[in-house]
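Q: curious how this folds, go ahead:
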Amino acid sequence: MFVTMDRLRVGIETTFVRAAFGFLFGFAAVACEPQIEPIANTDLHQWNGEDWRVEIQLQPDVVLPVGLHIARKGEDAWFSNGVERVEVGEVSIAGKQYHLRFPAFNNTLELMRDGDRLSGTLTLVKRGYEQHLPVRAEPHPGYRFSPDPQAEVDVTGRWEVVFTDSEGNEGAAIGEFDQQGSMLSGTFLTPTGDYRYLEGEVAGRMLKLSTFDGAHAYVFTATMDEFGALEGDFWSGDRWHEGWKARRNFDAELPDAYAITHLKPGYETVEFAFPDLQGQPVSLSDPKYDGKVVLVTLAGTWCPNCADEAEFLSAYYRENHHRGLEIVTLLFEHVTDFDKAATLGRELVAKHDIGFEVLVAGYSDKADAAEALPMLDRVLAYPTMIFIDRAGKVREIHTGFSGPGTGGHHLEFVREFDELMEAFLAEPVPQEG
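A: Predicted coordinates for the structure are as follows:
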């Protein structure tokens, strides 16, 4: 959480960072990558599956490595980022051709087999365009970046980070890393969300981290100088680059996620009418929501942080719906065609077993989202969660989501969320008149 020092610290000292990330990342030195022997034969369908080291080419000199497992008969597949297992969703193998698709994210990986190698293209669907990234793969040799990195420094701990884009715009973040030997895991937290599970290594004085989760394609590098500061680069896909600098700071904190987005003066409620996935209009003025505690979340099927939130909210809804809870997700999509957006929404519902309303609210541009909800002062991030009490009044607005990849911060978010919801659900239903 990004609130007070007590909230942010969550008891973190170096030992907490090691313990928390040891728990969540499976003690990277031992389990961040399975020690898989190189595969000699080329008929890999004779055993239980295929383990690959995949390289996604982001820039001419920037490669994103990630582990991929494809089951023997092609019935499932997943990418690995430390302990994170990213299920592909749709897998088909026809002869030497492999087709992998991430439902909801709407991204695809096409591969062709040549002996014991694969090559092809990763297509990432963005707002208004597509990225087509070259991909190659080899039987997994048991490492992510390099076979035998030798670390000269230890980057374990919390770091105060500043990202700077090509136009000089700066963004604050917190980096939290756990290093075991030369193996490295961690994440970055920002005021609008987190960078999820990152995995890599420290070689010499340089750290390298990467992740591919079906939508994000990230590579981070940095070198520690003689004063203990980090400076390096961040690449996302084939178009985005930022520089970043960091210094160790266990007291670093970010803005309170509950104090970033607000209602405009004069507003107490949120009103809208958007179609559900069958095209039927839904409004908070519908009888279904009378006297209920309602969570409204702004999201997109293309957004991995939103997927993390959807998984969390789906479970919470199943456990608490009977207490007078309703949840409504407003989808702001990369596509403007309703049928396409609704199809992606249905895939999101199926993937996360969602039992609450999911509506198609508009295009994913944040300015468009702000126009769709004019009572908000701005839409800064997907996801954004609006807490509405039984009287229909907005009580809190939470910007971003601290997902499970953030370790103790996710646990702190869950604790605060539970406290808020317990208070709202305990309030009596207002009496009419």
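Q: where does residue 25 land on pLDDT?
A: Reading off the confidence values, residue 25 has pLDDT 35.
Q: could you do residue 355 as well?
A: Reading off the model, residue 355 has pLDDT 98.
Q: now it, what's its secondary structure?
A: Three-state assignment for residue 355 (DSSP: H, G, I helix; E, B strand; the rest coil): coil.
Q: for it, phi and psi?
A: Main-chain torsions, residue 355, degrees, to the nearest 10: phi -110, psi 0.
Q: how about residue 316?
A: Backbone phi and psi, for residue 316 under degrees, to the nearest 10, turn out to be phi -60, psi -40.
Q: how far away is it from residue 275?
A: According to Cβ to Cβ, to the nearest Å, residue 316 stands 25 Å off from residue 275. All C-beta spots, glycine's among them, are computed from the backbone N, C-alpha and C.
Q: can you give me phi and psi for residue 412?
A: The phi/psi pair for residue 412 (degrees, to the nearest 10) is phi -70, psi -40.
Q: neighbours of it, how many?
A: The number of residues packed near residue 412 is 21, by other Cβ atoms under 10 Å.
Q: residue 336: how many residues sit nearby?
A: 12.
Q: dig out what residue 210 forms beta bridges with.
A: Taking DSSP bridges as the rule, residue 210 bridges to residue 199, residue 219.
Q: so it is in contact with residue 62, correct?
A: No - with contact defined as Cβ atoms under 8 Å, residue 210 does not count as touching residue 62 (9.9 Å).
Q: give me the common contacts of those two.
A: Shared contacts of residue 210 and residue 62 (Cβ atoms under 8 Å, 6 or more residues apart in numbering): residue 219.
Q: more neighbours, those two?
A: When neighbours are counted by other Cβ under 10 Å, residue 210 and residue 62 differ, and residue 210 comes out ahead with 25 against 15.
Q: which pLDDT value goes with that one?
A: Looking at residue 210, its pLDDT reads 98.
Q: how much space is there between it and residue 201?
A: Taking Cβ to Cβ, one finds residue 210 at 10 Å from residue 201.
Q: mutual contacts of those two, please.
A: Residues within reach of residue 210 and of residue 201 at once, by Cβ under 8 Å, 6+ apart, are 144-145.
Q: for residue 308, which non-adjacent residue is spatially closest?
A: Nearest non-adjacent residue to residue 308, counting by Cβ to Cβ, 6 or more residues apart in numbering: residue 403, 3.6 Å away.
Q: look up how far residue 194 lies from that neighbour.
A: 6 Å.
Q: overlap of the contact sets of the two?
A: Shared contacts of residue 403 and residue 194, defined by Cβ under 8 Å, 6+ apart, comprise residue 305.
Q: so how many other residues sit close to residue 255?
A: With other Cβ under 10 Å as criterion, residue 255 counts 14.
Q: circling back: more neighbours: which of residue 316 and residue 275?
A: A side-by-side neighbour count of residue 316 and residue 275, using other Cβ under 10 Å, places residue 316 first with 18 against 15.
Q: now the helices for the stretch 251-400 of the chain?
A: Here the stretch 251-400 of the chain has its helices, by DSSP state H, counting those that start in this stretch, at 304-320, 338-352, 366-372.
Q: and the second one, what other elements does it pack with?
A: To tie it back to what came earlier, the one meant is helix 338-352. Using 3 or more Cβ pairs under 8 Å, 6 or more residues apart in numbering; DSSP states H and E, the elements in contact with helix 338-352 are helix 304-320, strand 325-333, strand 357-363.
Q: which other residues reach it?
A: By Cβ under 8 Å, 6+ apart, the surrounding residues in contact with helix 338-352 are 89, 103-104, 106, 275, 277-279, 301, 307, 310-311, 314, 331, 333, 335, 354, 358, 360.
Q: which residues touch residue 405?
A: By Cβ under 8 Å, 6+ apart, residue 405 lies in contact with 24, 84, 187, 194-198, 308.
Q: which of those residues sits closest to residue 377?
A: Closest approach to residue 377 among those (Cβ to Cβ): residue 194, at 23.3 Å.
Q: just list the residues touching the closest one, thanks.
A: 187-188, 305, 400-403, 405-406, 409.
Q: switch the cut-off to 7 Å
A: Applying Cβ atoms under 7 Å, 6 or more residues apart in numbering, we find residue 194 in contact with 187-188, 305, 402-403, 405-406.
Q: what does residue 57 give?
A: Here residue 57 is in contact with 63, 133-134 (Cβ under 7 Å, 6+ apart).
Q: host element of it?
A: strand 49-59 (DSSP states H and E).
Q: what's the answer for residue 186, then?
A: Secondary-structure assignment from DSSP H and E places residue 186 in strand 183-190.
Q: before we move on, what about residue 221?
A: strand 217-224.
Q: tell me the angle of that strand relative to strand 183-190?
A: Relative orientation of strand 217-224 and strand 183-190, computed by axes from the mean of the first three to the mean of the last three Cα atoms, to 10 degrees: 100 degrees.
Q: run the chain-centre distance for strand 217-224.
A: Offset of strand 217-224 from its chain centre (Cα atoms, centre = their mean, to the nearest Å): 17 Å.
Q: check stretch 264-281 too.
A: Distance, centroid of stretch 264-281 to centroid of chain: 26 Å (Cα atoms, centre = their mean).
Q: now do stretch 148-157
A: With Cα atoms, centre = their mean as the basis, the mean position of stretch 148-157 lies at 26 Å from the chain mean.
Q: switch to numbering from 44
A: Noted, 44 is the first residue going forward, which turns the last one into stretch 191-200.
Q: and that stretch, C-alpha only, in CSV?
A: Extracted in CSV, the C-alpha atoms of stretch 191-200 (Å, rounded to 0.1, in the frame of the first residue of the first chain):
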residue,chain,number,x,y,z
ASP,A,191,26.8,-18.8,-15.0
PRO,A,192,26.4,-15.3,-13.7
GLN,A,193,28.8,-14.2,-10.9
ALA,A,194,27.5,-11.4,-8.7
GLU,A,195,29.8,-8.8,-7.3
VAL,A,196,27.1,-6.8,-5.5
ASP,A,197,23.9,-7.5,-3.6
VAL,A,198,20.8,-5.4,-4.5
THR,A,199,18.4,-7.0,-2.0
GLY,A,200,16.2,-4.3,-0.4
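Q: no more questions from me, cheers.
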